[in-house]
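Enquirer: pasting the sequence and the predicted model now:
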Number of protein chains: 2
Amino acid sequence: MAAMHCGIKRNAAREDLTLIVSDFPATAAGVYTTNLVFAAPVGWDRKQTPSDTIRAVIVNSGNANACTGEQGDRDCQQMAHLAANVVGAQADQALVLSTGIIGEFMPLKKVAAGIDALSQRLASDEAALEAAARGMMTTDTVHKIASRTVSLGAKSVQITGMCKGAAMIGPNMATMLGLVLTDAKIPAQQLQRMLTEIVEDTFNCISVDGHMSTNDTVLLVANGAAENQALAGADLEKFQTALQQVCAQLARKIPEDGEGATHLITIEIHGCATRQAARAIACSVGNSPLVKTAVAGADPNWGRIVSAAGYAGVPFDPSGVDLRVNGHLLYQSGAPVKFGAAQVSASIRDSRDTLLELTFREGDSKIRFWTTDLTADYVRLNADYHT
Amino acid sequence: MAAMHCGIKRNAAREDLTLIVSDFPATAAGVYTTNLVFAAPVGWDRKQTPSDTIRAVIVNSGNANACTGEQGDRDCQQMAHLAANVVGAQADQALVLSTGIIGEFMPLKKVAAGIDALSQRLASDEAALEAAARGMMTTDTVHKIASRTVSLGAKSVQITGMCKGAAMIGPNMATMLGLVLTDAKIPAQQLQRMLTEIVEDTFNCISVDGHMSTNDTVLLVANGAAENQALAGADLEKFQTALQQVCAQLARKIPEDGEGATHLITIEIHGCATRQAARAIACSVGNSPLVKTAVAGADPNWGRIVSAAGYAGVPFDPSGVDLRVNGHLLYQSGAPVKFGAAQVSASIRDSRDTLLELTFREGDSKIRFWTTDLTADYVRLNADYHT
């Protein structure tokens, strides 16, 4: 892989183009935004995956290639063609990830020259990986990488993922951009099932502002270089656990880097009838501006949390609800509990991490969800983004 | 009616208790929050309406009587009992409206003394009406009243409404508190049908932060003092039009007074298959923090508006979408249009009102929705509210 500044972003110190190639045809799975207004690369990748012939992934930041009509589709196909050509493959053997401003056409000459330059610099070391992750950044303040090694009998496989995202992060979808690479050998259909399942508990359990992007994509690419046996039984479980950990670690990094955020809020929902119900409640709490500003102000204003659960569209018995904030019980069986407000407030103020635990008495399903607080800085960053 | 400071709010200059009585038994209709976690007075009023025996409405601000368990229910019933007692009526002839902090018990001694004092000061002039409207205010900066007179043959009827609300305003429900009074004679069932229908296009078409309250209530009380004939035909239409105007004017006043807001955003959705579809799209756009911060920053960042429509959960053809901002065409048939960004930005910056018009090609249904921008001041106000 390799990354560089090809000229899409104004700041010449920032990478805006990443090329990744595989020496072997790889299987690939994808999960995409459910937004009806989706970007050209989402349409392209959705058509190609699951696949068992992928040789290249081309990623750009600074331009989303979204809301760009038919020219956007042609530009995206051309990017796939140029990237695949580096390894002598066809356009449909390359996947495309784009992120950045919506509604502007891709500067294709710069991208073409960039792909040409990158083809001369491909490397497989740590520096190349970090540059690749930086190449997908927009308003992110840090690059985001997670990695695991799994021993499968005599063979060992590597899972390495990168992602980007700091705003326009809403739940019930994939996420901004996520790319997970592995040298494991896994058939495309099995890969797709695995990714779809794992995204539900990871990239679909985060939020910054509840605004679903036009470009959200998570790709999982497996090129089989590790030459492992077909995954089954204990080996399959080991691999899935490691993949889940990589995805969870990557997903968490997005709200952790949320625009203007001063707190990473972990919402744990217990005792729901279904996982979907638990996620709906977590989303409702995690997207409430009143909950998010309360955490920003270190205010243990539990009424906002309980009332946000109440409008999630999920039936539950209000008299069976408990709430803990950073381990302190504030609300039990649907009624207030005496607590030390100053102590709870201090526990929020003095840590970047806030834990909200809501327990229901409807069943055994649970979920963990990550979101940010909402600060004046988020508003400033997003009021000034474009013009 | 009469209002006073009885001691629920700390600031002694602020009214926190309003008593309204009718000399005649009035019919009454109500529309309430759909939040599962609802306040005691919502439960009480829901049980009483529609009614044809209402004699009193007691309103307090500073305490929501929400999440207060069985004691909250007893306190609410006691408030109804005391208010009804002023006119020698029974508890179930009084309706209760409460708003303010969640999770604290009602200071019932102060409220009881207050109702006693108010019973000596009842008046029907403009000053009493304004005091009554101030008595329901929390973070509102202005009181909110709207009024119409309707001639029905030889008789003339009056419709006067008041409401409160500046945050914790989410759509698909009633609103914070709204109370509409009329001397028209209308049976309770007809009154309820009328209110339910009109709330859909008025109080259910506003948002400040998308957080649905535990206390949202709109009451319509008609005491028949005007002695009009049964409403039908042209008279019915005239009355409904006037009632719709009063409710729309009141509803608009809430986001107009939205916490920290510098813009009132009017969202007009045209060309949808159903009114529900149009409202869902309006909600999605009107609750996006990215759309709201863009307006705060006078940024014609249309991609945020179009993409928010795309995740509303409503099917539509993306290539049939047009967007106008303050009358300027920015997006046509799903593709960008050249426009003067500086000119559009100036049109947002130089006015408190911003108009977003989205047109689809799915049908003839439309809706108008009011929301606020999102500013650093909203965050500051809500980070510091409680502790």
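Expert: Great, that's in hand. Residues are numbered from 1 along each chain as shown, chains lettered A, B, ... in the order given.
Enquirer: tell me which element the residue located most distally from the centre of chain A falls in.
Expert: Within chain A, the residue lying farthest from the chain centre (CA atoms, centre = their mean) is A:Lys338, at 38.6 Å. Under the criterion DSSP states H and E, no helix or strand holds A:Lys338.
Enquirer: correct me, but A:Asp216 touches A:Thr33?
Expert: Yes: applying CB atoms under 8 Å, one finds A:Asp216 in contact with A:Thr33, separated by 3.7 Å. (Glycine included, C-beta is placed from N, CA and C.)
Enquirer: how many other residues sit next to the residue lying closest to A:Thr49 once chain neighbours are set aside?
Expert: The shortest distance from A:Thr49 to any non-neighbouring residue, by CB to CB, 6 or more residues apart in numbering or on different chains, is to A:Gly30 (3.9 Å). Close neighbours of A:Gly30, defined as other CB atoms under 10 Å in any protein chain shown, add up to 26.
Enquirer: my guess is A:Gly30 contacts A:Arg46, does it?
Expert: Yes: the criterion here is CB under 8 Å, and A:Gly30 meets it with A:Arg46 at 6.6 Å.
Enquirer: for A:Thr34, which three-state class applies?
Expert: With DSSP: H, G, I helix; E, B strand; the rest coil as the basis, A:Thr34 sits in coil.
Enquirer: near it, how many other residues are there?
Expert: A count of nearby residues for A:Thr34, using other CB under 10 Å, gives 14.
Enquirer: so it makes contact with A:Thr214?
Expert: No: between A:Thr34 and A:Thr214 there is no contact under CB under 8 Å: 10.9 Å.
Enquirer: picking up where we left off before, and the residue farthest from the centre of chain A, what pLDDT?
Expert: Looking at A:Lys338, its pLDDT is 91.
Enquirer: please apply the same query to A:Thr34.
Expert: On the pLDDT scale, A:Thr34 gets 81.
Enquirer: swap in A:Leu177?
Expert: For A:Leu177, pLDDT reads 87.
Enquirer: can you name the residues bridging to it?
Expert: Note on A:Leu177: beta-bridge partners by DSSP bridges are A:Lys164, A:Thr217.
Enquirer: what about it, distance to chain B?
Expert: With distances taken as CB to the nearest CB, to the nearest Å, A:Leu177 is found 15 Å from chain B.
Enquirer: which ones are touching the residue of the stretch 101-250 of chain A found nearest chain B?
Expert: Going by CB to the nearest CB, chain B is nearest to A:Ile102 of the stretch 101-250 of chain A, at 2.8 Å. Residues in contact with A:Ile102, defined by CB atoms under 8 Å, 6 or more residues apart in numbering or on different chains, are A:Ala39, A:Ala64, A:Ala66, A:Cys67, A:Thr214, B:Gly303, B:Arg304, B:Val306, B:Ser307.
Enquirer: for those residues, which one is nearest B:Glu126?
Expert: B:Arg304 (43.8 Å; CB to CB).
Enquirer: which residues touch that closest one?
Expert: Here B:Arg304 is in contact with A:Ile102, A:Met168, A:His211, B:Ser288, B:Leu290, B:Val291, B:Ala294 (CB under 8 Å, 6+ apart).
Enquirer: CSV for the residues you listed, including pLDDT, secondary structure and distance to A:Leu330?
Expert: Converted to CSV, the contacts of B:Arg304 look like this (pLDDT from 0 to 100; DSSP: H, G, I helix; E, B strand; the rest coil; distance: CB to CB, whole Å):
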residue, pLDDT, secondary structure, distance to A:Leu330
A:Ile102, 84, coil, 41
A:Met168, 67, coil, 32
A:His211, 72, coil, 29
B:Ser288, 89, coil, 30
B:Leu290, 87, helix, 31
B:Val291, 92, helix, 33
B:Ala294, 91, helix, 35
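Enquirer: counting neighbours, what do you get for A:Lys110?
Expert: Look at A:Lys110: counted by other CB under 10 Å, it has 17 neighbours.
Enquirer: same question, A:Glu357
Expert: A:Glu357: 18 neighbours (other CB under 10 Å).
Enquirer: that one touches A:Ile281, doesn't it?
Expert: No: the pair A:Glu357 / A:Ile281 is not scored as a contact, 11.9 Å apart, by CB under 8 Å.
Enquirer: the stretch 101-250 of chain A: helices as residue ranges?
Expert: A:108-118, A:126-134, A:188-201, A:233-256 (DSSP state H, counting those that start in this stretch).
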